[in-house]
Structures are given as structure tokens and as C-alpha cells.
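Colleague: sequence first, then the predicted structure, then my questions.
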Amino acid sequence: MKIVVIGGTGLIGSKLVERLRADGHEVLPASPNTGVNSITGEGLDDALKGASVVVDVSNSPSFEDSAVLEFFRTSTGNLVAAEAAAGVGHHVALSVVGSEQLPDSGYLRAKVAQEELIKDSGIPYTIVRATQFFEFVKGIAAGSTEGDTVRLPSSLLQPLASDDVVAAVALAAEAAPLNGTTEVAGPEELHLDEFVRTGLAAEKDPREVVTDESVGYFGAHPQGRELLPGPDAHVAGTSFTEWLGRQKQAES
């Protein structure tokens, strides 16, 4: 198949392109870096010619509430219109577990809006919702740091490796459309504060992680299990400890 990967030069996208090519598909990585812009529409029609599947793993350059909403609305609107014109038979999108349960988060509200546009487009689709990636640990810490202290709540999450996200999205792209949503998560429940504490310790980062239930998580205030997947989620095999070990090996 010809598969177009929107956001195909990013963390997930670049790995996904490699994975799908290894599986024998014709894969086009589409991003502003390759002359395809889903916001302006530049290069979009040409990129989608002959495509069977479009996979959207793009992300907003800004997480500010109005900017991220505008990004996903505009990008998704342009994508589904171009897909309809090109006769694309399957739209696959990467989203976030628990999005509708945390409406205080502007980013998660934007992901819900993206999902609704996909569902209403009339194009066969599969939405893959993933939990937080292990690779996010530094970014979470950075967004919650005051001086030498990181303040985070003890909310539960079930994070996973980006390689496992890629595997789930690739599987969805190669399968028939679900016209529904599937979830993928890591193998263990972790408290958000402990997740970051462990990640920073592995990097020998001197910042102290303090548990503070009054602190939000990127605009949201999870009280317990909102970020956890449902009972039918696919559970990936890579644990956080295993992933940290691989990171150390890669650096040595």
C-alpha cells in the first residue's frame, strides 16, 4: 500500500515510516520539512495521490489552549477534505488515553475535537489512543520545575515506550478500519510523581521531586485513574525499568 504519514519526521513519525517501509509498503513522510503542510494545505493533494491510508501522528508546535485547538481543527479539517478528494480509504490518528475525562486541559480538549472531526468525516478510520510515553519524562519534569524542585501529583498513569506506540499504530495502519477507537498502554501502573522521580534519578538529575496534589498536569487536575486505559487496551511489554536500561546502554 501507499501510506502517507503526517508528522512523518517527528519522534513517532520517523520510527513509523521506517517500520512500515520494512513491512514492504510505499511510505511517504509528510511534514513541513518535506514540503507537505497540513495547516496551509501546501503539497497535501499531491502527497495523497494514490494513497490507501493516511496516518496522522502530527503534533501542535504550541500547547497554548487556543493555538493547539486551532492546530488540530485546521489540520484535521484539511486532511479529511484532501483524503475525500483523493479517495483515501483509511484515516488513522494517534490520540491520548483519557482525553474526554480531563476537560481542564486545553491540549486534551483539542484532541477530543480532532477525534470528533475524524468520526464525522465519513472516511473509514481508526483512532489509536496511547498513554504517556517514557520519552516524556523530561518534558513533564521541565513543565513542573520551580528552581531545583519538581512538584507533581501522585495521579496514576500507565506509560509506555514510543517503540510500542509505533508498533500499535503500524498494526492499525495495516489492518482494516475499525471505525472506532483502540487503546495501547505500558505494562505497569505508576504514580506520576514516582515516574518522574525514577526517570530523573536514572539521569542523575539533582532536582527533587515533591508530591503535591494541588499541582495540575499540563492544565488538567487528574484525581486518580483518569489517565489509565480501559480493560480492553493492548498492553505493551516494555517496562520503564527496561527502557531506562536501554537508554543507558545507548549512551555508553
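Modeller: Cool, got the structure.

Colleague: in contact with Glu213, which residues are there?
Modeller: Pro153, Ser154 (Cβ atoms under 8 Å, 6 or more residues apart in numbering). Using the backbone N, CA and C atoms, a C-beta is placed for each residue, glycine as well.

Colleague: ok, 6 Å please
Modeller: Residues near Glu213 by Cβ atoms under 6 Å, 6 or more residues apart in numbering: Pro153.

Colleague: can you tell me the SS state at it?
Modeller: For Glu213, the assignment made with DSSP: H, G, I helix; E, B strand; the rest coil gives coil.

Colleague: next, give phi and psi for it.
Modeller: phi -70, psi -10 (degrees, to the nearest 10).

Colleague: please shift the residue numbers so they start at 22 in all later answers.
Modeller: From this message on, residue numbering opens at 22, which makes the last subject Glu234.

Colleague: can you give me the helices for the stretch 122-271 of the chain?
Modeller: Here the stretch 122-271 of the chain has its helices, by DSSP state H, counting those that start in this stretch, at 127-141, 158-163, 183-195, 213-223, 261-272.

Colleague: tell me which of those helices sits nearest to Lys36.
Modeller: helix 183-195 (4.5 Å; Cβ to Cβ).

Colleague: now do that closest one, average pLDDT.
Modeller: Mean pLDDT, computed over helix 183-195, is 98.

Colleague: send me it as PDB with only the CA atoms.
Modeller: Output of helix 183-195 as PDB, limited to C-alpha atoms (Å, rounded to 0.1, in the frame of the first residue of the first chain):
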ATOM      1  CA  SER A 183       7.500   5.100  21.900                       C
ATOM      2  CA  ASP A 184       8.600   2.000  20.000                       C
ATOM      3  CA  ASP A 185       5.500   0.200  21.400                       C
ATOM      4  CA  VAL A 186       3.300   3.100  20.300                       C
ATOM      5  CA  VAL A 187       4.800   2.800  16.800                       C
ATOM      6  CA  ALA A 188       4.000  -0.900  16.700                       C
ATOM      7  CA  ALA A 189       0.400  -0.300  17.600                       C
ATOM      8  CA  VAL A 190      -0.100   2.500  15.100                       C
ATOM      9  CA  ALA A 191       1.600   0.400  12.400                       C
ATOM     10  CA  LEU A 192      -0.700  -2.500  13.100                       C
ATOM     11  CA  ALA A 193      -3.700  -0.200  12.800                       C
ATOM     12  CA  ALA A 194      -2.500   1.200   9.500                       C
ATOM     13  CA  GLU A 195      -2.000  -2.300   8.000                       C
END
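
Colleague: now do that helix: everything it contacts.
Modeller: Residues contacting helix 183-195 (Cβ under 6 Å, 6+ apart): 24, 32-33, 36-37, 40-41, 74, 76, 113, 115, 147, 149, 151, 154, 156, 205, 257, 259.

Colleague: before we move on, the earlier item: just the helices of the stretch 122-271 of the chain: most buried one?
Modeller: helix 183-195 (a mean of 21; mean count of other Cβ atoms under 10 Å).

Colleague: and the residue lying closest to Asp253 once chain neighbours are set aside, bridged to which residues?
Modeller: Residue nearest to Asp253 in three dimensions, not counting chain neighbours: Glu204, with 7.1 Å by Cβ to Cβ, 6 or more residues apart in numbering. Beta-bridge partners recorded for Glu204 (DSSP bridges): Arg150.

Colleague: wait, isn't Glu204 in contact with Val256?
Modeller: No. Assessed by Cβ atoms under 6 Å, Glu204 is found out of contact with Val256, at 9.5 Å.
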